[in-house]
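>>> heads up, no residue letters with this:
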């Protein structure tokens with residue numbers, strides 16, 4: 001008897017895009033390794049994936065814990081080589097209406113999860129995949145990384161860093177046969193932004209987002225950006241006069257909840 005044909009690890013798999021992606025990939029020939037912090041929600045996600053026929057392993061781990069992430073990912077890879085690792089875990093924070101500066105502790109919390117958490121997910125798998133000469137790594141960025149938004153400076157900064165990290169890895173790892181994909185979503189209906197007070201143009205369900213991402217990853221696309229209209233609109237703001245873009249952006253009514261996450265778990 002042979003094992004699953006494809007082995008996939010996903011962080012932030014207990015909710016939102018991560019959960020939807022896990023369910024989207026769930027097939028009888030797939031082994032899913034799901035990482036999350038909420039035991040109940042991760043168990044529910046795992047059950048949904050098993051219902052789809054997938055072989056599922058779970059890890060209750062905080063992506064801020066570098067040692068725990070390293071040991072878990074290396075052990076999962078040793079049991080069955082990982083074909084795809086998706087660094088998806090992330091949070092949001094920003095400026096409540098009327099605030100001028102972000103909470104410094106919240107800023108460090110989002111850096112620890114969105115950026116350091118991505119490093120902690122990707123670093124353990126680079127050498128094993130490189131040694132095998134195959135595999136794929138994906139990182140979840142955001143259209144908000146393309147042009148800084150005045151109401152969520154640190155979120156934009158962390159996602160912009162993820163974009164540059166993915167781009168840098170892509171060139172370095174291509175020589176070793178390892179593909180790197182950058183996922184660039186717009187507004188997706190998830191717990192991440194359910195309390196965000198803002199216009200959400202072209203927002204979509206997490207199930208639809210997962211289908212788009214899965215198709216892109218199956219094709220080993222370098223950049224998986226959606227919705228395309230919003231993506232190119234954001235790109236356009238980078239070539240328009242800065243003062244014009246700032247003028248319109250600062251006049252949007254936006255209220256971003258402040259995360260309670262901090263640097264350490």
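Done, it's in. Since the model is a prediction, treat every value here as computed from it, not as a measurement.

>>> quick one: which helix or strand includes residue 184?
Using DSSP states H and E, residue 184 falls within strand 179-185.

>>> next helix or strand past that strand?
Downstream of strand 179-185 (by DSSP H and E), the next one is strand 188-189.

>>> for the strand holding residue 184, packing partners?
With contacts defined as 3 or more Cβ pairs under 8 Å, 6 or more residues apart in numbering; DSSP states H and E, strand 179-185 has these neighbours: strand 136-140, helix 153-174, helix 206-218, strand 223-226. For glycine as for every other residue, the C-beta is placed from the backbone atoms N, C-alpha and C.

>>> Quick one, which of those gets closest to residue 54.
Closest to residue 54 of the helices and strands packed on strand 179-185 is helix 206-218 (Cβ to Cβ; 13.2 Å).

>>> quick one: average pLDDT of the closest one?
In this model, helix 206-218 carries a mean pLDDT of 98.

>>> and among the helices and strands packed on strand 179-185, the most buried is which?
strand 136-140 (a mean of 25; mean count of other Cβ atoms under 10 Å).

>>> chain center to it, what's the gap?
8 Å (Cα atoms, centre = their mean, to the nearest Å).

>>> ok, it: who's next to it in the sheet?
strand 84-87 (parallel), strand 179-185 (parallel) (DSSP bridges).

>>> and the ones you listed as JSON lines, adding mean pLDDT, mean neighbour count and distance to residue 261?
Listed next are the strands paired with strand 136-140 as JSON lines, based on pLDDT from 0 to 100; neighbours: other Cβ atoms under 10 Å; distance: least, Cβ to Cβ, whole Å:
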{"stretch": "strand 84-87", "mean pLDDT": "98", "mean neighbour count": "27", "distance to residue 261": "17"}
{"stretch": "strand 179-185", "mean pLDDT": "98", "mean neighbour count": "23", "distance to residue 261": "20"}
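
>>> closest one to residue 197 among these?
Nearest to residue 197, of the strands paired with strand 136-140 and by Cβ to Cβ, is strand 179-185 at 19.4 Å.

>>> Look at residue 78 and tell me its secondary structure.
The local conformation at residue 78, judged by DSSP: H, G, I helix; E, B strand; the rest coil, is helix.

>>> what separates it from residue 137, distance-wise?
Going from residue 78 to residue 137 by Cβ to Cβ, to the nearest Å gives 18 Å.

>>> and what of residue 86?
Distance from residue 86 to residue 137, by Cβ to Cβ: 8 Å.
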